[in-house]
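Asker: Dropping a prediction and its sequence here:
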Amino acid sequence: MSNSEELILQATANRALEIGIEDDRLLWIARQSLEAALPDGWVECQSEDGYIYYYNDATNESVWEHPNLDYFKTLYQQQLQLLKSGGGIDAITQILLSSFTHSSTSI
């Protein structure tokens, strides 16, 4: 496994913890959240200590969590309930998520 693959796996595991993912079938949500574009006006920054944070120039707001993290937490809960009820991952959700990760529009 290459260093970049290891970094991706570690970042995915860290984001899964942030989202609260406990079902490995839904780790794709953590991965998608890492690939998601930031909402308009937000940029990723790094502190002097090396920690990632997000800054919105229009509002002068700084936050430690990805600005769309709540969206992915909600998506996880929805998909978890769907799996528990015997359903699979909703195709519509996959399509919406795919378009979300290629857009800078906040959900």
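Answerer: That came through, no problem.
Asker: Alpha carbons only: can I get stretch 57-66 in PDB?
Answerer: Extracted C-alpha coordinates of stretch 57-66, given in PDB (Å, rounded to 0.1, in the frame of the first residue of the first chain):
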ATOM      1  CA  ASP A  57     -13.900  35.300   4.300                       C
ATOM      2  CA  ALA A  58     -17.300  36.900   3.800                       C
ATOM      3  CA  THR A  59     -18.400  36.300   7.400                       C
ATOM      4  CA  ASN A  60     -14.900  36.200   9.100                       C
ATOM      5  CA  GLU A  61     -16.000  32.900  10.600                       C
ATOM      6  CA  SER A  62     -13.500  30.200  11.500                       C
ATOM      7  CA  VAL A  63     -14.600  26.600  12.400                       C
ATOM      8  CA  TRP A  64     -12.700  23.400  13.100                       C
ATOM      9  CA  GLU A  65     -15.200  21.100  11.500                       C
ATOM     10  CA  HIS A  66     -15.900  20.900   7.800                       C
END
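Asker: Give me the pLDDT value at the residue lying farthest from the centre of the chain.
Answerer: When distances are taken from the C-alpha mean of the chain, Gly86 lies farthest, 24.4 Å away, according to CA atoms, centre = their mean. Per-residue pLDDT puts Gly86 at 81.
Asker: In a helix, it, correct?
Answerer: No - counting by DSSP: H, G, I helix; E, B strand; the rest coil, Gly86 falls outside a helix, being coil.
Asker: where along the protein do the strands fall?
Answerer: Taking DSSP state E to define them, one finds strands in the chain at 42-46, 52-56, 61-63.
Asker: Kindly reformat those strands as a markdown table containing distance to Thr74 and mean pLDDT.
Answerer: For glycine as for every other residue, the C-beta is placed from the backbone atoms N, C-alpha and C. Converted to a markdown table, those look like this (distance: least, CB to CB, whole Å; pLDDT from 0 to 100):
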| stretch | distance to Thr74 | mean pLDDT |
| --- | --- | --- |
| strand 42-46 | 19 | 97 |
| strand 52-56 | 19 | 96 |
| strand 61-63 | 17 | 97 |
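Asker: Cool, thanks, signing off.
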